[in-house]
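Peer 1: Sharing a sequence plus its predicted fold:
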Amino acid sequence: MADMIQFDLVSPEKRLASFEAASVQIPGVDGDLTAMAGHSPVITTLRPGIVRVQSAEGETDYVVVAGFVEVTAESVSVIAERAHAGDEVRKEDLEDVLADARAKAAEAEGEHKDGAEKLVSDLVELMDRMD
Amino acid sequence: MPSLKDLKTRIASVKSTRKITKAMQMVAAAKLRRAQDAAEAGRPYAERMQAVMARLSASVGGSDTAPRLLAGTGSDKTHLLVVMTAERGLCGGFNSSIVRLVRNRVEALKGEGKTVKLLTVGKKGREQLKRDYEDLMVGHVDLSEVKRVGYANAAEIAADVIARFDAGEFDVASIYFSVFQSVISQIPTETQIIPAKFEESDAGDASTLYDYEPSEEAVLEDLLPRAIATQIFTALLENRASEEGARMSAMDNATRNAGEMIDKLTIEYNRSRQAVITNELIEIISGAEAL
């Protein structure tokens, strides 16, 4: 199909997914965006959230924690520092990330404080959505 | 001349040594395969990260607002060497060759009047370097409990290094590890991680102009620590594969040497036994002749 894009999801330890997709919904740091064929090239960092991929086989969810996305007209590459397939991940897996983020937010000062606290709230929101 | 009994015990002992080295070789071969798979699996991530960082640092790097991790502190007085070695021995010259590279580097830096600090990852390198440079050691990362190095381990090391950098403990940091070429060749390598350097990879899509969200600087700032962690992770994986490769060939040699030794001892054993028989015959014959 002409209006399909190549979707790749890689984490440091392995390549999680690589297939053709119709659209990919991405939790960007400045808000969600949905990439489809012909999207203008964008690189954005990720906030913790769910990457939702629509493909011929249906809808697939992936939980990502940090990293970045490279969108071009033909492809979407999610380079995630931590990623799990949506149906495999449990809340407990993310508890340590949240605890870590909380500790950092408590320590952070000045300009970093906002970012650290946003990370915590993003994580909490993500975990609520997973219920 | 050792007695027959002595020879027999020695043959038995070398045989059991051969069994051990053979087993270690096979274990190393299996582990090497796993380590190579892990290194292979980590490659796409590292390559993408590298490509994006190369683009970003090329466009932001020159400006005054470039983050310190990329631009450096402006001096290169104090060097931090992160030395990655194995947790265990019996792997040929693997640890020693990394330590040799580090030692040369330390001496060269000292000659230039720089301050050197050492951070060791892996017990073996620490043991070897401690003899000469104990006063330079600033820290040690113990991975002996870690069966499979994960990204989390690398992230921890990176966080430690970056925290030291932010505290002004050093100006330049490099990592030392072995690049896996083949079972018989592992190349000790030095890579500078702070200030970060990214070589343009042959991705070939440099013509695409990207929009950056939120901004180039923000993306760069967010990704730099991750890129450093990725470099450390890649190094750890390479090192693990190199270690198992070196161990495999060392154990292969040991097994072969043990085999040769068994052959030699067996010949000696047979000769001595024959000598004893001949001796007894001579005694019987000369006894009979004397009658």
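Peer 2: That came through fine.

Peer 1: Show me the domain layout of chain A.
Peer 2: Using automatic domain parsing, the domains assigned to chain A come out as A:5-85, A:91-129.

Peer 1: count of neighbours near the residue of the stretch 51-200 of chain B found nearest chain A?
Peer 2: The shortest separation between the stretch 51-200 of chain B and chain A is 3.9 Å, found at B:Tyr151 (distances taken as C-beta to the nearest C-beta). Yep, even glycine has a C-beta here, placed from its N, CA and C like the rest. For B:Tyr151, the neighbour count with other C-beta atoms under 10 Å in any protein chain shown is 22.

Peer 1: cool, and B:Thr73?
Peer 2: Using other C-beta under 10 Å, B:Thr73 has 15 other residues around it.

Peer 1: contacting residues for it?
Peer 2: If you count contacts by C-beta atoms under 8 Å, 6 or more residues apart in numbering or on different chains, B:Thr73 has them with B:Gly168, B:Asp171.

Peer 1: and if we set it to 10 Å?
Peer 2: B:Phe165, B:Gly168, B:Phe170, B:Asp171, B:Val172, B:Ile194, B:Pro195 (C-beta atoms under 10 Å, 6 or more residues apart in numbering or on different chains).

Peer 1: any idea whether the second one is helix, strand or coil?
Peer 2: For B:Gly168, the assignment made with DSSP: H, G, I helix; E, B strand; the rest coil gives coil.

Peer 1: pretty sure it contacts B:Gly74?
Peer 2: No. Taking C-beta atoms under 10 Å as the contact criterion, B:Gly168 and B:Gly74 are not neighbours in contact, 12.0 Å apart.

Peer 1: quick one: which of the contacts of B:Thr73 sit in helices?
Peer 2: Cross-referencing the contacts of B:Thr73 with the helices (criterion: DSSP state H) gives B:Phe165 as the overlap.

Peer 1: By residue count, what's the longest helix in the chain?
Peer 2: Picking chain A for this. The helix that spans the most residues within chain A, counting by DSSP H, is helix A:111-129.

Peer 1: The chain in question should be chain B.
Peer 2: Among the elements of chain B assigned as helix by DSSP H, the one spanning the most residues is helix B:216-290.

Peer 1: That one and chain A in contact?
Peer 2: Yes. Shown here: helix B:216-290 in contact with chain A (C-beta under 10 Å from any C-beta of the partner chain) through B:216, B:218-223, B:226, B:229-230, B:233-234, B:237.

Peer 1: Excluding covalently adjacent residues, which one is nearest to A:Arg52?
Peer 2: In space, not counting the residues next to it along the chain, A:Arg52 is nearest to A:Gln25; the distance is 4.1 Å by C-beta to C-beta, 6 or more residues apart in numbering or on different chains.

Peer 1: Would you agree that neighbour is in contact with A:Ala35?
Peer 2: Yes. Checked against C-beta under 10 Å, the pair A:Gln25 and A:Ala35 is within contact range at 8.0 Å.

Peer 1: May I have the phi/psi pair for the residue of the stretch 51-200 of chain B closest to chain A?
Peer 2: Reported as degrees, to the nearest 10, the phi and psi values for B:Tyr151 are phi -60, psi -30.

Peer 1: Show the pLDDT at it.
Peer 2: The confidence metric pLDDT takes the value 88 at B:Tyr151.

Peer 1: The strand or helix carrying B:Ile20 close to chain A?
Peer 2: Under the assignment given by DSSP states H and E, the secondary-structure element containing B:Ile20 is helix B:4-60. Yes. Contact between helix B:4-60 and chain A, assessed by C-beta under 10 Å from any C-beta, occurs at B:37-38, B:40-49, B:51-52, B:55-56.

Peer 1: what distance separates that helix from the centre of its chain?
Peer 2: Averaging C-alpha coordinates over helix B:4-60 and over its chain gives two centres that are 10 Å apart (C-alpha atoms, centre = their mean, to the nearest Å).

Peer 1: model confidence over it, on average?
Peer 2: Averaged over helix B:4-60, pLDDT sits at 90.

Peer 1: Correct me if wrong: the residue of the stretch 51-200 of chain B closest to chain A contacts A:Ser11.
Peer 2: Yes. B:Tyr151 is within contact range of A:Ser11, at 7.5 Å (criterion: C-beta under 10 Å).

Peer 1: Overlap in contacts, these two.
Peer 2: Both B:Tyr151 and A:Ser11 are contacted by A:Glu81, A:Arg82, B:Gly42, B:Tyr45, under the criterion C-beta under 10 Å, 6+ apart.

Peer 1: And the pLDDT at the closest residue to the second one other than its chain neighbours?
Peer 2: Using C-beta to C-beta, 6+ apart and skipping the chain neighbours, the partner closest in space to A:Arg82 is A:Val65 (3.9 Å). In the predicted model, A:Val65 carries a pLDDT score of 85.

Peer 1: Touching, A:Val65 and A:Val78? I think so.
Peer 2: No. Taking C-beta under 10 Å as the contact criterion, A:Val65 and A:Val78 are not neighbours in contact, 11.4 Å apart.

Peer 1: Now for those two: what residues contact both?
Peer 2: A:Ser11, A:Leu46.

Peer 1: Work out which residue lies at the spatial centre of chain A.
Peer 2: Nearest to the geometric centre of chain A sits A:Val64, at 3.9 Å (C-alpha atoms, centre = their mean).

Peer 1: Name the nearest residue to that residue, ignoring sequence neighbours.
Peer 2: Across the structure, with C-beta to C-beta, 6+ apart as the measure, the residue nearest A:Val64 apart from its sequence neighbours is A:Ala80 (4.1 Å).

Peer 1: circling back: buried subset of the contacts of B:Thr73?
Peer 2: Under a neighbour-count criterion of 16 or more other C-beta atoms under 10 Å in any protein chain shown, the subset of these counted as buried comprises B:Phe165, B:Phe170, B:Asp171, B:Val172, B:Ile194, B:Pro195.
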